[in-house]
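Visitor: What shape does this take:
(chains A, B and C)
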Amino acid sequence: MLAHYAFIGVFFIAAASFPILPLIGAYFLRPSRPTEVKLDTYECGLEAIGDIWVQFKVQYYLYALAFVVFDIEVVFLYPWAVAFNQLGLFALVEMAIFLFILIGGLVYAWRKGALEWV
Amino acid sequence: MNILIMVIFVVLAAFTLAAGVMVVTVKNIIHAALWLIASFFSVAAMYLLMEAEFIAIVQVLVYVGAISILVLFAIMLTRHVTGEGVRQLYKRWWIALIVAAALFGVLIVPTVFNYEWAVQPSGAQISIASTVEIGTAFMREYLLPFEVASVLLLVALIGAIVIAFEERSTRRRVLTLAEEVEQRRQRNESLRLAPTTHASETSE
Amino acid sequence: MLQFLENIFGPSWIVSLIAFLISTTVILIVTPVTFMMMTWFERRIVARMQDRLGPNRVGPAGLLQAVADGVKMFTKENITPRAADKWVHLIAPLVATGPVIFLFAVIPWGYGLSPVDINVSVLFVIAVSSISAVGLMMGGWGSNNKFALLGAMRAVAQMVSYEIPAVIALLSMVLFTGTMNLNKYTELQGGLPILGNTLKDVIPDLGLGWFVFTPIGLVGFMIFFICILSEGERTPFDIPEADSEIVAGYMTEYSGMKFAVFYMGQFLFNYALSMVASIIFLGGWNFPGIPQLISIAPPIGALASAVVLGAKAWFLFFVMIWLRGAFPRLRMDQLMAFAWKFLLPLALINILSAALWLTIMLWCTGDCTQNPWVFTVGGINPLGWLGNSPVLRQLVGFVLTAIINAGAFFWLLNVNRRPAGETPADLARDQAFGTASLP
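Guide: Coordinates of the predicted model:
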């Protein structure tokens, strides 16, 4: 089995270095004539005003947190799904409870308006 | 083969530690977050080295894929804390180091001394916790923690929503570009006016 | 591959390493060629849909256009803006594209043509594809440009929102099959539509027992395909790079080869996920005749299976282009509402109906007393009338899950209907005057 992981490791190194190769190739082929204006931040031809770091709305964070919660839920569900055949009816009921608690969370978020993009 | 595994382990461990040190010493907060993600990833590689494939994948899925996004979004939510030019290390950093080391010792020492290291005879087939076994364990031995976990997740979700709604009601309105320009113009005017008033105050 | 070499030279880690390097090299040659073909294909098809010709000058039918584009990309100047964070700006395309290439480590290309056989490949695909979001975020922040940061925030918010329904749709299939190994999905989808392999002894293997023909698989496929569109930023969901709003999103400050690397990552991501969707839902390399061909002449069968699987993946890519030609893009609030209020509940209900199907299939099969799948009400087995015939069970499961899934689909459509009295014009006015503001 470790041989399979060794392949994963070899492939990881190859995959990570694969996009680097064209960058290196382009380094030798491309021209490089930077000018003052060319290096400006692009803003439709206008001069950039203000910092880029606007305070983003809290909605982004809320979606990310809901994502984390459901992601972890899914991580718990996968082993259950794989072992489902051997577990019997009891596991089905257990998982239904687990799911319904989280569906309750989703319903709460929905009702509360946390899923609205405002 | 064992030497090769050892070498890979040492490289990964060194990288994890180096990335961790970068997290606490780098000045730019986004760079710190990116180093944190790198250390998460190399921890996943270490799990794979231990043939714990499910845990390794979950480490990537939850930490590299989800928690890192949460961290980056949380940084984006704040206002101007790039930390450029801010000292990252506090003056008495060595106290923190001692406390952290002591805490780590308290956690690791009993484990090291009480654990019966199963020395495998060479060539013996080591049983690996497969996904199926993890799933069965969830439903049998660890049923209660499993259900409690779902309640914990629910609480996290509700807590975030409550906090977000509080924040939303109190937050500053995001300015449009026109408003920002207007504000800047006013500030410039007040700056132009300021020296004269200031001068008149000091002259008296 | 590995087995074959070990038979000749005996097991040795050098032999394995050489075998690994050979298969890695093959994949790393095939994927960029696929990418170039995809760009040509997309441009030609979209042109045809828009009543144009598309690239047709370089080579036969414009086939070498992609090569010309590649040469152009190599000779383009690389501009890193003065305000950008040099290193983050440089590494971002690598972090966005590397994981996409890494995905191909576990995706089988045909019968016996799988690079590696690990037991968690479905989860591997999900986990590795979620790393790309970090690359997008790095690109957006590292450019130090408002459009880029906004585009990256939108792209990542969209990616994470659509990842959950995708993962849950795959979970329903994992539950259905009981395995996370992509290599095993194809053999489970032989036989007849709906009935699968249950009538293997009576009717020859037609290779049509695709999961998309079952209600669970159909709903799962719909959800997963929509999520692929969104994660690959294909047109109905291409808000992160909506050129009329925010220039090119997180790619605004990228030029030359760095841009090309981002672009390649996006296309290959689409292709990799199309492959995964074909394997899990569209029967892999199953097609009438393929199982027989494999049993008669394995090498020819393997080649044919690769062609069939590739054809399915390319067909899904064609549907993506078709959608691009047919639909305008969604608004950000519509996009988010669609993921969280329609796809996610539907996917959760799909899990429950998959569990129901499995319960019907497993209920007291074989020795009833030893089976964990039995539950009697007052000494009477409530599902005893099903008997031991898998065909009857399959049909009962089909009907029940079809009713549940269809009901859930229409119920969710109803729940998500626009409130009465609110017209699109109202919404547009709200947005224009600030009550419903976009970021």
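Visitor: all contacts plus neighbour counts: C-alpha atoms, from now on.
Guide: Noted.
Visitor: From the centroid of chain B, which residue is nearest?
Guide: B:L36 (5.8 Å; Cα atoms, centre = their mean).
Visitor: now check the helix or strand that contains that one, is it near chain A?
Guide: Under the criterion of DSSP states H and E, B:L36 resides in helix B:29-49. Yes. Residues of helix B:29-49 contacting chain A under Cα under 8 Å from any Cα of the partner chain: B:48-49.
Visitor: which residues of chain A score low on pLDDT?
Guide: A:1-3, A:44-55, A:117-118 (pLDDT under 70).
Visitor: Assign a three-state SS to whichever residue of it sits closest to chain B, would you?
Guide: Residue nearest to chain B within chain A: A:P79 (4.1 Å; Cα to the nearest Cα). Using DSSP: H, G, I helix; E, B strand; the rest coil, the structure places A:P79 in helix.
Visitor: need the contact list for it.
Guide: B:131-136 (Cα atoms under 8 Å, 6 or more residues apart in numbering or on different chains).
Visitor: Include distance to C:I107, pLDDT and secondary structure when you put those into JSON lines, please.
Guide: Output for those, formatted as JSON lines (distance: Cα to Cα, whole Å; pLDDT from 0 to 100; DSSP: H, G, I helix; E, B strand; the rest coil):
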{"residue": "B:T131", "distance to C:I107": "20", "pLDDT": "76", "secondary structure": "helix"}
{"residue": "B:V132", "distance to C:I107": "22", "pLDDT": "78", "secondary structure": "helix"}
{"residue": "B:E133", "distance to C:I107": "25", "pLDDT": "79", "secondary structure": "helix"}
{"residue": "B:I134", "distance to C:I107": "25", "pLDDT": "79", "secondary structure": "helix"}
{"residue": "B:G135", "distance to C:I107": "25", "pLDDT": "79", "secondary structure": "helix"}
{"residue": "B:T136", "distance to C:I107": "28", "pLDDT": "80", "secondary structure": "helix"}
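Visitor: Return only those of the residues you listed found close to chain A.
Guide: Okay, of these touching chain A (Cα under 8 Å from any Cα), that's B:131-136.
Visitor: Please pick the buried ones from the residues you listed.
Guide: B:131-132, B:134-136 (16 or more other Cα atoms under 10 Å in any protein chain shown).
Visitor: Chain B contacts on chain A?
Guide: Taking Cα under 8 Å from any Cα as the contact definition, chain A meets chain B at A:1-2, A:5, A:53-62, A:64-69, A:71-73, A:75, A:78-83, A:87, A:91, A:94, A:98, A:101-102, A:105, A:108-109, A:114.
Visitor: so which strand or helix has the closest residue to chain B within the stretch 1-150 of chain C?
Guide: The stretch 1-150 of chain C approaches chain B most closely through C:A127 (4.2 Å), counting by Cα to the nearest Cα. Per DSSP H and E: C:A127 is located in helix C:121-129.
Visitor: by contact count, what packs against that helix?
Guide: helix B:53-58, helix C:86-103 (3 or more Cα pairs under 8 Å, 6 or more residues apart in numbering or on different chains; DSSP states H and E).
Visitor: go with 10 Å
Guide: For helix C:121-129, the elements it packs on are helix B:53-58, helix C:86-103, helix C:146-177, helix C:182-185, helix C:256-280, judged by 3 or more Cα pairs under 10 Å, 6 or more residues apart in numbering or on different chains; DSSP states H and E.
Visitor: Give the full set of residues in contact with the residue in chain B that chain A sits nearest to.
Guide: Closest approach of chain B to chain A (Cα to the nearest Cα) occurs at B:G135, with a separation of 4.1 Å. Contacts for B:G135 (Cα atoms under 10 Å, 6 or more residues apart in numbering or on different chains) come out as A:76-84, A:86-87, A:91, B:142.
Visitor: Where does pLDDT dip in chain B?
Guide: In chain B (pLDDT under 70), the answer is B:1, B:79-90, B:116-129, B:167-177, B:179-180, B:190-204.
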